[in-house]
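A.B. asks: this is a predicted model, with the sequence first.
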Amino acid sequence: MPCPRLHPLCAALGLALAASPVLAAPAPEADDAGEKRRTLATIEVVGTVPQPASAEGSAAILDQAVLVSSRTLTVNEALRKVPGVTVRDEEGFGLRPNIGIRGSNPTRSTKVLLLEDGLPAMYAPYGDNASYYHAPIQRYERIEVLKGAGLLRFGPQTITGAINYITPTPPEEAAGHVQLSGGSRGYGALHAAVGGKGFELDLGHKQGDGARDNTALEQTDLFVKFQRQISEHHALTLRGNALREDSQVGYSGITDAEYRHFGREYYPFLDDLFDIERYAFSASHDWTPRPGLSLLTSAYYSQFERDWWRQASTTTDTQCGTAFRDARLSGQRVDPRSCNSTQGRLRNYYTWGVDTRLAWDRSLFGTPGNSELGLRWHEEKQIRYQVNGSSPAARSGTTVEDNLRTAEALAAFATTTFELGALKLSPSLRHEDIRFTRQNRLPGGLGGRDGLEETTWGLGAHWQASEELVLFASAHEGFAPPRVEDLIAGNGTSTTVDAEKSLNLELGLRTRWQGIDLEAVAFRNDFDNQVVVGSIAGGSTPLAQGETEYAGIEFSAGLNRGALARRSGEFYADLALTRLFTAEQRSVLRRVDNGQPANGSVAGNRLPYAPDLTTTFRAGYVEGAWDGSLEVQHVGRQWSDFANTLHPAANGDGQFGRIDSYAVWNATLNYEPEGKPWSGFLAVKNLTDREYIVDRTRGILFGNPRQVIAGLRYAW
């Protein structure tokens, strides 16, 4: 694996890895916790509760107790509890996650890495790292957020952070539960799980009216998992998933005038349709020939089909004619059924790969430690159509786009840890070799191919200064490949777009003081090149790139974090705070197609959708069967464009203007009697019915109105 020329980490890694598993000194017997983790045949991303930070960088864990106690309904609610993470609502159910970390633009979660049990959860992480679906949050045991040099063990997005969703360990004894909930805005949900003898089946269904008019949402998710220690040295995990969504949801926001005249819930397009089918399977085998030596190999496959039929992609879309568009801009009520047109943006994605990781304990010159080598072969195929229909509810028509796009990637990493008393040092290297192709399959269409290679380094440090004080730091080169369509133009030629590259630094501490857990991290992400979001509504926002910089602090505090387990009459509280001091366009962000500034980009301006302050604070009291809490989630002001336009545009298209800060209050009351199989809850989301804008990318989108939900659960 090529190393950066003359880089000292190459020598350190080579020396450490030379102490191979065969030559390593005999390792001590593993403890029970270590044996249990290996038995699960699952890639370990972060570690254990409550000490997730390692020598590779900062991390956070949201466990089941927190998710259930706060009656978290969506991934957005959950991740706002983690410092450094920004999540933007869209349709009201969290089905289209928009996640950003440390200032990165959250649109379609393109700047983060999403994993499930350590394996890719995105349908095209190399060729089109966008997310248009999310499984029900209720089926996960915990959520891990990893930032820092530890990202080099995964990839290909290794800049800001990774979200890893952990599925439950199937029970050995027969067990299960059924939970029913319902509430305002037509909300209804079922979650059921049953298992035993290492097998579990999980079923989730939810439906409701979403955040605005003409937005009926419905999703069903089936997940199965089997785990077995098949012999003393071998363990097997099998996973399967089928997800279906059939929603009446559009793409466009609304104009400023539509908002003034008709209110936040207005949306006129009643025939839009969003249809998803996803199937996924993975198998993981863990071979542990002796304590301190293991080989974990996983094979995975997913198939994702998305049909999105819509009559408008933005508020300035002229699919229904310029008169229709102008009526929207002036705030007149429009009739989409008078428009004999609809467009089907149809996408099929097929992804498969093999990931293998060799880990061993070793001793080098009397210094204990451990090492890990990883190799992954990954392939993707995208089939993209656009079909133009001739009526408002058409589901067929003239094919105007037929594109085949592929990605092949071979990735390798190496990392080792030196344990020098209370100090641990972890150097890492990662290499990516990626090949893309694009073929226009319409008559006379052209095709092309291109690729790139990159080797990046990382170094982490972890110092146990005292029993209750940990200091940690990491530095690493970040990398993210461009999408297929960004690198290869429609005529088959290569563009001038580059991969994203950055230097990422962090320094933090974790301590405990009089029953309060505290963590503080300072970070800086310095981009030599960042590719800014360039695929909004079929390319209406041009692709651009340039130099950027992000810097800030993250702070978290927790009071009586064990109170939910003890249930002995205690107050508890949690705080997550991010202050993003810098999110700067260090150079003009220039369009790739013509070199001009993108949407008025100016060096020194703040980057869009990077709030200056985000805070989530939750406080509650638990005693016996009762648990009640109040939570506030605050998002600071942010810009919606590169020019930092203060007021909405003169034409009122809703796509420009500063987004003001807002705070949303949530309240929850749980009743869980000890020794009884049933429990119940009452939750109120957006308690004060706050009206607030969350997005102007395609026009104005608002956060969810107030919603009241009650539920019952029976477990055995």
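C.D. replies: Nice, I can see it.

A.B. asks: hey, let's count contacts and neighbours off CA atoms from now on
C.D. replies: Fine.

A.B. asks: sheet partners, orientation included, of the helix or strand in which Glu454 is found?
C.D. replies: In this structure, Glu454 sits in strand 447-466 according to DSSP states H and E. In the sheet, strand 447-466 lines up against strand 423-440 (antiparallel), strand 469-480 (antiparallel) (DSSP bridges).

A.B. asks: show me what counts as buried in that strand.
C.D. replies: Residues 447-451, 454-464 are the ones in strand 447-466 that count as buried (16 or more other CA atoms under 10 Å).

A.B. asks: still on that earlier bit, out of the strands paired with strand 447-466, nearest to Gly490?
C.D. replies: In terms of CA to CA, the element of the strands paired with strand 447-466 nearest to Gly490 is strand 423-440, at 7.1 Å.

A.B. asks: average pLDDT for that closest one, rounded please.
C.D. replies: The predicted model gives strand 423-440 an average pLDDT of 97.

A.B. asks: how about the helices in the stretch 251-400 of the chain?
C.D. replies: 256-262, 322-329 (DSSP state H, counting those that start in this stretch).

A.B. asks: export those to TSV and append columns for distance to Phe418, mean pLDDT and mean neighbour count.
C.D. replies: Supplementary listing: the helices of the stretch 251-400 of the chain in TSV, determined by distance: least, CA to CA, whole Å; pLDDT from 0 to 100; neighbours: other CA atoms under 10 Å:
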stretch	distance to Phe418	mean pLDDT	mean neighbour count
helix 256-262	58	96	17
helix 322-329	62	97	17
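
A.B. asks: mind checking those for the one nearest to Gly595?
C.D. replies: When those are ranked by proximity to Gly595, the top entry is helix 322-329, at 28.9 Å, counting by CA to CA.

A.B. asks: report the contact partners of the residue nearest the centre of the chain.
C.D. replies: To find the centre residue of the chain, average its C-alpha atoms and take the closest one (CA atoms, centre = their mean): that gives Leu114, at 4.6 Å. Residues near Leu114 by CA atoms under 8 Å, 6 or more residues apart in numbering: Pro120, Ala121, Met122, Ala162, Ile163, Asn164, Tyr165.

A.B. asks: same question for Pro611.
C.D. replies: For Pro611, counting by CA under 8 Å, 6+ apart, the contacting residues are Gly103, Leu580, Val635, Gly636, Arg637, Gln638, Trp639.

A.B. asks: correct me, but the first one touches Phe581?
C.D. replies: The reference is to Gly103. No. Contact between Gly103 and Phe581 fails when scored by CA atoms under 8 Å: they sit 9.8 Å apart.

A.B. asks: quick revisit: which one of the strands paired with strand 447-466 has the most crowded surroundings?
C.D. replies: Comparing the strands paired with strand 447-466 by mean neighbour count (mean count of other CA atoms under 10 Å), strand 469-480 ranks first with a mean of 24.

A.B. asks: what lies in contact with it?
C.D. replies: Strand 469-480 is contacted from outside by 53-58, 148-149, 156-160, 454, 456-465, 499-512, using CA under 8 Å, 6+ apart.

A.B. asks: starting at the chain centroid, how far to that strand?
C.D. replies: What separates the centre of strand 469-480 from the centre of its chain is 19 Å, taken as CA atoms, centre = their mean, to the nearest Å.

A.B. asks: tell me the first helix or strand C-terminal of it.
C.D. replies: Scanning forward in sequence from strand 469-480, with DSSP H and E defining helices and strands, the next element found is helix 484-487.

A.B. asks: avg pLDDT for that following helix?
C.D. replies: 91.

A.B. asks: buried ones in the helix or strand just after that helix?
C.D. replies: For helix 484-487, the succeeding helix or strand toward the C-terminus, using DSSP H and E, is strand 500-513. With burial defined by 16+ other CA under 10 Å, the residues of strand 500-513 counted as buried are 500-512.

A.B. asks: can you list the strands that strand 500-513 pairs with?
C.D. replies: For strand 500-513, the paired strands and their directions (DSSP bridges) are strand 469-480 (antiparallel), strand 516-532 (antiparallel).

A.B. asks: out of those strands, which gets nearest to Ala174?
C.D. replies: Across these, Ala174 has its closest neighbour in strand 516-532 (36.4 Å, CA to CA).

A.B. asks: check the offset of that closest one from the chain's centre.
C.D. replies: Between the mean C-alpha location of strand 516-532 and the chain-wide mean there is a distance of 16 Å, by CA atoms, centre = their mean.

A.B. asks: residues in contact with that strand?
C.D. replies: With CA under 8 Å, 6+ apart as the test, strand 516-532 has contacts from 159-160, 482, 497-512, 543-560.
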